[in-house]
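K.L.:
Build me a model from this:
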Amino acid sequence: MSWSEHDIGGLVRPDDGLVSPEIFHDRELFDFESRRLFMRTWLYVGHESQLRKRGDFISTYMGLNPVLVVRQNDGGTKVVLNACRHRGMKVCRADSGNTRAFTCTFHGWSYGLDGALNNVPMQQAAYGDALDRGKFGLVQVPRVETYKGLIFANFDEDAPSLPEYLGDMAWYLDALVDRREGGIEVLGGVHKIVHRGNWKMGAEQFAGDNYHAFLTHVSASMSWRDADHEADPNPLKPGFQYSSRAGHGLAGWRKNGMDDAPYVPSADYELVAQYYRDTAAEVRDRLGAERVDGPSLGAGNVFPNFSFLTRVFCHSSIGIWHPVTPDTFQYWRYCVVDKAAPAEVKRAIMNNMHVWPLGVADSDDGENWSEISANLIGPAVRDVPLNYQMGMGRGLRDHPRFPGIITESYVAEESHRNFYRRWREFMTSEKYPAIGADEPAIATSSSEGR
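P.N.:
Just a heads-up that it's a prediction; the model follows:
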């Protein structure tokens, strides 16, 4: 099917809470999305702690585009396409490392840390004076900005600055990246998980889907629970959902429900839980009381594809949903720790991440996404819109404690509707899209604890 902008706009109807399954399946939409969305949004590419010395680099993707994030000789950071200007081959196939130059293994073209083409084998014999090396360096991504160690890049020179793009999502990010002096650092390497499904399935889940947790992940809590402890008859915990008209979202708990949970999975778990208790006063002084618990416990997503878990089962991690095909994506997850944390706490956080989510939750989620993707082969399935109506009309714009649109419930889908509202704006606009005038229904009074 050939899609027009009008057709694409009709696939997402956030005011009705309906979304067409075609956006998770159609090849032409996927190709269109690779340009309209991923060539214009701010995309996370790495953390400054991964680039400590000049020549340090990270290999990653911006949408479908392979890129290198490189610490320069002057201490700055550049992002360049990982594609040789001769035949388009990757000039680096390592995940990370340190180098003086990037050399294509096909014909040997070699590039400096800044992407400049420095050497062409047999240049005089092969080209004479015809090759202007100054015109054939690696393509540089024009926009690179950081937020408290998080490095983002953007191909669109007309896009707003990174702080403008993040908006009030930065307030919530601080509960992850700025708890203590020195911020966070990435610990260890990258964990790459290949999933069958569309990348938006993962991104929307982290943007605010607590609804799946009590059933999808029930086996983990049951296996950890004390044998003589009865199951909680009410799985809904005190929580809330944050949503941004810019497409960002987060689902959090009011307090650390893990502190009074009827199980302690391991000594590492208890060690980290005690660390969080011991540093609570410091975090309160630094960020304020509201970010000691509430927003600092849960999952979030910076539109479109940068997600994080903060203090979930005594670990924190960040990750990227990398699209591959309409029905395949990779999730790259990195462990993050407070730089000021003791070494034994850092090791325990890493160990906890290998239990949850890597050992349990990621496979649970992947099974759901793969089953959905398999169903979407059926045209009759794709003809039926999906329901995203949970919590409609219950969002608050003027919450007394939390910025953004707040739904005072552990489960809601306001952030999903705004995720796809923003997706639709990018997909139907030839230029960088302003946030439209159409707004979701908003409650006029608070309903604490619903």
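K.L.:
Next up, the contacts around Lys192.
P.N.:
Contact partners of Lys192, counting by C-beta atoms under 8 Å, 6 or more residues apart in numbering, are Gln330, Tyr331, Trp332. No exception for glycine: its C-beta is placed from N, CA and C like everyone else's.
K.L.:
What pairs with the helix or strand where it lies, parallel or antiparallel?
P.N.:
Assigned by DSSP states H and E, Lys192 belongs to strand 184-196. Paired with strand 184-196 in the same sheet, following DSSP bridges, are strand 328-338 (antiparallel).
K.L.:
what's the following helix or strand after the partner strand?
P.N.:
helix 343-355.
K.L.:
Which secondary structure elements does that following helix sit against?
P.N.:
Using 3 or more C-beta pairs under 8 Å, 6 or more residues apart in numbering; DSSP states H and E, the elements in contact with helix 343-355 are strand 184-196, helix 267-287, strand 328-338.
K.L.:
closest one to Ser370 among those?
P.N.:
Among the helices and strands packed on helix 343-355, the nearest to Ser370 by C-beta to C-beta is strand 184-196 (4.0 Å).
K.L.:
Whatever helix or strand comes next after the closest one - contacts with which helices or strands?
P.N.:
For strand 184-196, the following helix or strand on the C-terminal side (DSSP H and E) is helix 199-206. Counting contacts by 3+ C-beta pairs under 8 Å, 6+ apart, helix 199-206 packs against strand 298-302, strand 306-310, strand 317-325, strand 328-338, helix 361-375, helix 414-427.
K.L.:
Adding mean pLDDT and distance to Pro121, write those out as CSV.
P.N.:
Below are these laid out as CSV (pLDDT from 0 to 100; distance: least, C-beta to C-beta, whole Å):
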stretch, mean pLDDT, distance to Pro121
strand 298-302, 95, 42
strand 306-310, 96, 39
strand 317-325, 98, 33
strand 328-338, 98, 34
helix 361-375, 96, 44
helix 414-427, 97, 42
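K.L.:
Phe38: which of these is closest?
P.N.:
Nearest of those (C-beta to C-beta): strand 317-325, 7.5 Å.
K.L.:
how far away is Ala116 from Phe155?
P.N.:
For Ala116, the distance to Phe155 equals 20 Å [C-beta to C-beta, to the nearest Å].
K.L.:
same thing with Arg291?
P.N.:
33 Å.
K.L.:
Show me which of the two is the more surrounded one.
P.N.:
Arg291 (24 against 21; other C-beta atoms under 10 Å).
K.L.:
Spit out the contact partners of the more buried one.
P.N.:
Contacts of Arg291 (C-beta under 8 Å, 6+ apart): Trp171, Asp174, Ala175, Val283.
K.L.:
Just grab the bridge partners of the spatially most central residue of the chain for me.
P.N.:
The chain has Phe306 as the residue nearest its centroid, 1.5 Å off, counting by C-alpha atoms, centre = their mean. Using DSSP bridges, the bridge partners assigned to Phe306 are Val302, Ile320.
K.L.:
these two touch, right, it and His47?
P.N.:
No. Using C-beta atoms under 8 Å, Phe306 makes no contact with His47, being 11.3 Å away.
K.L.:
what is in contact with these two at once?
P.N.:
Contacts common to Phe306 and His47, judged by C-beta under 8 Å, 6+ apart, are Ile318.
K.L.:
before we move on, back to that, of the helices and strands packed on helix 199-206, which approaches Ser4 most closely?
P.N.:
Closest to Ser4 of those, according to C-beta to C-beta: helix 414-427, at 11.1 Å.
K.L.:
so how far is the closest one off the chain centroid?
P.N.:
15 Å (C-alpha atoms, centre = their mean, to the nearest Å).
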